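1. I'll drop the sequence and a predicted model, then ask my questions.
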Protein chains: 2
Amino acid sequence: MSTAAARHQRLHSELRERICLLDYPPGTKLSEEALAAEFGTSRTPLRRVLARLEDEGLVESRHGIGTLVTDVDMALMAQVYDLRLHLAALAGQLDPLPVTPGVRAEIRDFVTRGEALLAAPDPRAFAALNSAYHRFGLSLTGNAPLRETAARLYYLTARIWLTSIPRMNLTSECAIFLGEMRETETALAAGDTAAAALIRRAHISMSVHRMTR
Amino acid sequence: MSTAAARHQRLHSELRERICLLDYPPGTKLSEEALAAEFGTSRTPLRRVLARLEDEGLVESRHGIGTLVTDVDMALMAQVYDLRLHLAALAGQLDPLPVTPGVRAEIRDFVTRGEALLAAPDPRAFAALNSAYHRFGLSLTGNAPLRETAARLYYLTARIWLTSIPRMNLTSECAIFLGEMRETETALAAGDTAAAALIRRAHISMSVHRMTR
DNA sequence: ACAGCCACAGTTGTGCACAACTGTCTAGCT
DNA sequence: AGCTAGACAGTTGTGCACAACTGTGGCTGT
């Protein structure tokens, strides 16, 4: 049963990932016709996906020109980061979910994947793991609007890291990331989701500090 | 010069207002064809507006059924209010804008309109003034993502007050509202936007408390 | 040589016809 | 009478053709 809504979600996630992983760098012209052909539909359903991406600030459609991937406005992104910091901390205060054995298994798995990443550093793999880890952090709160809002803002800033990493030390970043996950594992082992959220907030803050230096 | 984007904004605002003022109560079936005829377009541009409203959680389109105004889920709304409380306080911390003479004139005007409302209490006029006052409160921060996020969440909960007012004391609510605006005027006269934001947060909290009693 | 204009290719936006889907009502059978 | 199947009206979803718009490149007149 492949409903229209399901396909919409699929295409939206796919295009969003391509944009955030810089498969479509800022300024790329997305052809409605080409994408429609690739996904085996007509322009109509695809246009709805692009409209949503435009509402989310990831693309911009101009009549007669094309649909362009937005460029990363650092002044705006600084504001988004400011907001994300507070939302990250809120994830531990608003409706914190109990730490189940399943959650503990998840964070253990993340630590394992982080160790693998540190053994073989790779920007794209880092970005992918970071994205998954972000979703995991959000899963610790039962507040649905907070989850959606934080996710929306995350995808706005997701591209910055990949553009900054050439000027940074990749191995060092992987080690720091692994350290954050280990700290979080400790916090969650004690059932302290609020502490886990504060760890996340601290690391987002420090990450911004390293990127903008 | 009436571009497509401008019309999209116009129709979006118009329909959102009709939903939030309960001109379209929850469960109302919005006919794409009828609305398209009313606004003098075809279904195509109108469908994009409805799609955006659906992404914002105000309507829900079902194939073969219709596009229905969502009902107000109190469990979800409680979560939205939790989040809104913190965002209201953040408006005074993140990029607080200087209190210009223009701002002082605005809040003075709001107090005047509040006095007029108290003299002739009316639910719809209250809701309209509250909406305008909410936008004013957001204008005190320079953080654009915070403004957009708070606005989005506001419109999600805007309908609750109108549905609760029959069980409340309208005149009392008007008096409390006027009191909040006067307090805010004092805070802004002192140039203290952070205090203004905290006043707003406190009143949102107390308002929720009165509604859910 | 240069400036201005026009035709054109390429893109998004719009309108319309039809497909897909859902709930209801009715006719017919048991 | 009750039940089932099928036609039907009404709605959203899709595909396609065309309108509207933009930038470019060449052509022409001076």
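-> Yes, it's here. Keep in mind that what you see is a predicted model, and the values were worked out from it rather than measured.
2. Any buried residues in stretch A:150-170, and which?
-> For stretch A:150-170, a neighbour-count test (16 or more other CB atoms under 10 Å in any protein chain shown) marks A:150, A:152-162, A:164-165 as buried. Every C-beta, even on glycine, is put in place using the N, C-alpha and C of the backbone.
3. Mind putting those into a markdown table with secondary structure, distance to chain B and pLDDT?
-> As requested, these are exported to a markdown table (DSSP: H, G, I helix; E, B strand; the rest coil; distance: CB to the nearest CB, whole Å; pLDDT from 0 to 100):
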| residue | secondary structure | distance to chain B | pLDDT |
| --- | --- | --- | --- |
| A:Ala150 | helix | 10 | 98 |
| A:Arg152 | helix | 8 | 98 |
| A:Leu153 | helix | 6 | 98 |
| A:Tyr154 | helix | 12 | 98 |
| A:Tyr155 | helix | 12 | 98 |
| A:Leu156 | helix | 7 | 97 |
| A:Thr157 | helix | 10 | 97 |
| A:Ala158 | helix | 14 | 96 |
| A:Arg159 | helix | 15 | 97 |
| A:Ile160 | helix | 14 | 95 |
| A:Trp161 | helix | 18 | 94 |
| A:Leu162 | helix | 20 | 95 |
| A:Ser164 | helix | 20 | 93 |
| A:Ile165 | helix | 23 | 93 |
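4. Between those, which sits nearest DNA strand D?
-> Using CB to the nearest atom of the strand, A:Arg152 is the member of the buried residues of stretch A:150-170 that lies nearest DNA strand D, at 21.9 Å.
5. Angles on the backbone of the closest residue to the closest one other than its chain neighbours, please.
-> Spatial nearest neighbour of A:Arg152, excluding adjacent residues (CB to CB, 6 or more residues apart in numbering or on different chains): A:Glu56 at 6.3 Å. Backbone geometry at A:Glu56, expressed as degrees, to the nearest 10, gives phi -90, psi 0.
6. what's the burial count for A:Glu56?
-> By the criterion of other CB atoms under 10 Å in any protein chain shown, A:Glu56 has 17 neighbours.
7. Contact partners for it?
-> Residues in contact with A:Glu56, defined by CB atoms under 8 Å, 6 or more residues apart in numbering or on different chains, are A:Arg16, A:Arg152, A:Tyr155, A:Leu156.
8. Give me the next element, helix or strand, following the helix or strand encompassing A:Asp109.
-> Assigned by DSSP states H and E, A:Asp109 belongs to helix A:101-119. Scanning forward in sequence from helix A:101-119 by DSSP H and E, the next helix or strand is helix A:123-138.
9. Give me the contacts around that next one.
-> Under the contact criterion CB under 8 Å, 6+ apart, helix A:123-138 has outside partners A:20-21, A:88, A:91, A:106-107, A:110, A:113-114, A:117, A:146-147, A:150-151, A:154, A:158, A:161-162, A:165, A:170, A:173-174, A:177, A:181, A:196-197, A:200.
10. now stretch A:35-50
-> Identification of contacts with stretch A:35-50 by CB under 8 Å, 6+ apart yields A:4, A:7-8, A:11-12, A:15, A:30, A:32-33, A:59, A:61, A:67, B:48, B:51.
11. Mind giving me the PyMOL command for buried ones among those residues?
-> Applied in PyMOL, the following selects the buried portion of these according to 16+ other CB under 10 Å:
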select buried, (chain A and resi 7+8+11+12+15+30+32+59+61+67) or (chain B and resi 48+51)
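12. give me the subset of the contacts of stretch A:35-50 touching DNA strand D.
-> Filtering those for neighbours of DNA strand D using CB under 7 Å from any atom of the strand leaves A:Ala4, A:Arg7.
13. Now intersect the contacts of stretch A:35-50 with the strands, please.
-> With strands defined by DSSP state E, the entries of those inside them are A:Leu30, A:Val59, A:Ser61, A:Thr67.
14. Save these as JSON lines, and put in pLDDT and distance to DNA strand C too.
-> Listed next are these as JSON lines, based on pLDDT from 0 to 100; distance: CB to the nearest atom of the strand, whole Å:
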{"residue": "A:Leu30", "pLDDT": "98", "distance to DNA strand C": "6"}
{"residue": "A:Val59", "pLDDT": "98", "distance to DNA strand C": "9"}
{"residue": "A:Ser61", "pLDDT": "98", "distance to DNA strand C": "4"}
{"residue": "A:Thr67", "pLDDT": "98", "distance to DNA strand C": "4"}
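15. Which parts of chain A belong to which domain?
-> Following automatic domain parsing, chain A resolves into domains at A:4-69, A:74-211.
16. End to end on the shortest one, go ahead and measure it.
-> Distances were taken as CA to CA, to the nearest Å; on that basis the terminal residues of domain A:4-69 are 25 Å apart.
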